[in-house]
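>>> Provided below are the primary sequence and the corresponding predicted coordinates.
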Amino acid sequence: MLATLAAMPAAVPAISLLKGQTAPPAGPVSHLKPGLVAYSYRSALMAKKMTYEDVIHMASDWGLAGVDTTVYWFPDTTPHYLANLRKVAFKAGIQLYNVGARIQLAQPTKERQDAQVAEIKKWVDVADALGASHVRVFGGPIPKGSTQEEAIGWAVEVLKRGAEYSGEKGITLGVEDDGGLSATAPPTIAIAKGADSPWAGINADSGNLPKNGYEEFATLLPYATSIHFKTQVSDPDGKKLPADWPRLLAMIAKSGYRGFVGLEYESNNPDEIPGLCAKLRDLTAKATA
C-alpha cells in the first residue's frame with residue numbers, strides 16, 4: 001500500500017474539470033457588480049409617477065446586477081409588499097442588495113439613541129425580508145453645543161448596538177459619507193472603526209466628499225461595505241469636476257473590495273441615467289486589480 005502511494009504523482013492539478021466544463025478565464029477577473037441607487041429617480045418616486053418595480057425592471061433591462069432600494073418612498077413595509085418586491089427582483093435577475101434608511105447615528109441622549117437603534121432594527125428587518133445584506137445609515141448633524149468628538153462617541157454607541165442586531169441576521173450596516181458628522185472621511189472612519197464590529201463598515205460615496213475627493217475616497221476603501229458613484233468628484237479646492245470613473249474603479253479594484261458599485265444620480269436630467277448605467281456596467285466588467 002505504501003509503495004503504491006509512493007508511486008503516485010507528487011503534483012495534483014489545482015482544478016479538476018468535469019466533462020464538458022471549461023477552465024476559468026486566464027488573467028484577472030472583475031469582482032465588481034454594477035447597481036442603480038433608487039434615489040436617482042427620487043422625483044418620480046416621490047410624485048408616484050414611478051414605482052420601485054419600475055426601477056427594478058429598468059436596472060434589469062440595462063444589464064445591471066442590483067438595486068439599492070433607498071426606501072424613503074416605499075408605499076408601505078407590509079410583508080405582502082416586501083415579498084412581492086423581492087419576487088419582482090428575483091424574476092428580473094436583480095439583487096436588492098442595499099436598503100438606504102434615514103438613520104442619524106449621532107444622538108446626545110439615551111432616549112434618542114434608543115429611538116435610532118429601534119429604527120435600525122426596523123430597517124434591518126425590512127432588508128431581511130427583501131433579501132438585502134446591507135443597510136446604509138448616516139452620521140447625522142452634530143448636535144448643537146456638542147463637539148465632533150462627542151458626536152462620534154454617540155454615533156459609535158448607536159452603530160455598535162445596531163450592528164449587534166443586524167449581525168444576527170447576517171446584515172451589514174454601512175455609514176455613508178454624506179453631510180453632517182460624516183461629511184468627510186476621518187470622522188466617518190472613526191465611527192466605523194469605533195463600532196468594532198464585523199457587521200459595521202462604510203457606504204463609500206465618491207461624490208459626497210467636499211474636498212480632495214479622490215484622496216479621501218481612497219482612505220474609505222479599506223472599510224467599504226458598499227459603494228456609490230456620482231457624476232462629479234471634488235478637487236482639492238472643493239470644486240466639483242466630472243468624475244473619472246476608470247480612475248475610481250482602479251482604486252476600488254486595487255483595494256480588494258468586491259461587491260456593488262451603484263450609480264446615484266443627483267442632477268436634474270434623468271434621461272442621462274440609462275447611458276450612465278451602460279457606462280458603469282461596461283467599466284465595472286473591465287475593472288481588475
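Thanks, I have the structure now. Numbering: from 1, shown residues only.
>>> check the secondary structure at the residue nearest to the spatial centre of the chain for me.
Residue closest to the average C-alpha location in the chain (CA atoms, centre = their mean): Ser226, at 2.5 Å. Under DSSP: H, G, I helix; E, B strand; the rest coil, the three-state class of Ser226 is strand.
>>> and the gap between it and Asp76?
25 Å (CB to CB, to the nearest Å). Using the backbone N, CA and C atoms, a C-beta is placed for each residue, glycine as well.
>>> just Trp245 next, same as before
36 Å.
>>> which of the two has more neighbours?
Trp245 (21 against 8; other CB atoms under 10 Å).
>>> now do the contacts for the more buried one.
229, 279-280, 283 (CB atoms under 8 Å, 6 or more residues apart in numbering).
>>> check what pLDDT it gets.
Here the pLDDT value assigned to Trp245 is 98.
>>> so Leu36 touches Met58, yeah?
Yes. Using CB atoms under 8 Å, Leu36 is in contact with Met58, at 7.4 Å.
>>> comparing those two, which residue is more hemmed in?
Neighbour comparison, Leu36 and Met58: the larger count goes to Leu36, with 30 against 20 (by other CB under 10 Å).
>>> doesn't the more buried one fall inside a strand?
Yes. Using three-state DSSP, the assignment for Leu36 is a strand.
>>> and the residue nearest to it when sequence neighbours are not counted, what does it touch?
Nearest residue to Leu36 in three dimensions, chain neighbours excluded: Ala59, at 4.6 Å (CB to CB, 6 or more residues apart in numbering). Neighbouring residues of Ala59 by CB under 8 Å, 6+ apart: 35-36, 66-67, 92, 94, 277.
>>> tell me the one among these nearest to Phe217.
Nearest to Phe217 among those is Gly35, at 17.3 Å by CB to CB.
>>> how about the secondary structure of the nearest residue to the closest one once chain neighbours are set aside?
Spatial nearest neighbour of Gly35, chain neighbours left out: Gly262 (3.6 Å); criterion: CB to CB, 6+ apart. The assignment at Gly262 comes out as strand when based on three-state DSSP.
>>> ok, Gly262 touching Ala38?
No. Here Gly262 lies out of contact with Ala38, judged by CB under 8 Å, at a distance of 9.3 Å.
>>> who has more neighbours, the two?
Gly262 (31 against 27).
>>> dump the residue contacts of that one.
Going by CB under 8 Å, 6+ apart, the list of residues near Gly262 reads 34-37, 66-68, 98, 226-229.
>>> helices of the stretch 151-289 of the chain, start to end?
185-195, 213-220, 245-255, 273-286 (DSSP state H, counting those that start in this stretch).
>>> now those as a markdown table including distance to Tyr72?
Below are those laid out as a markdown table (distance: least, CB to CB, whole Å):
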| stretch | distance to Tyr72 |
| --- | --- |
| helix 185-195 | 21 |
| helix 213-220 | 23 |
| helix 245-255 | 26 |
| helix 273-286 | 18 |
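>>> among those helices, which comes closest to Pro236?
helix 213-220 (8.1 Å).
>>> what packs against that closest one?
Here helix 213-220 touches helix 185-195, strand 200-205, strand 232-234, helix 245-255, going by 3 or more CB pairs under 8 Å, 6 or more residues apart in numbering; DSSP states H and E.
>>> what would those look like in TSV with distance to Asp114?
TSV is the format used below for those (distance: least, CB to CB, whole Å):
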stretch	distance to Asp114
helix 185-195	17
strand 200-205	18
strand 232-234	36
helix 245-255	35
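>>> tell me the most buried of the ones you listed?
strand 200-205 (a mean of 27; mean count of other CB atoms under 10 Å).
>>> pull up the pairing partners for that one, direction included.
Strand pairing for strand 200-205, using DSSP bridges, gives strand 172-176 (parallel), strand 224-229 (parallel).
>>> now do the first one, average pLDDT.
For strand 172-176, the mean per-residue pLDDT is 98.
>>> now do it against helix 185-195, angle only.
If you take axes from the mean of the first three to the mean of the last three CA atoms, to 10 degrees, strand 172-176 sits at 160 degrees to helix 185-195.
>>> how far is strand 172-176 from where the chain is centred?
8 Å (CA atoms, centre = their mean, to the nearest Å).
>>> how far does stretch 163-176 stretch from one end to the other?
The straight-line separation of the ends of stretch 163-176 (CA to CA, to the nearest Å) is 15 Å.
>>> same check on stretch 214-229?
Terminal-residue distance, stretch 214-229 (CA to CA): 12 Å.
>>> all good on my end, thank you.
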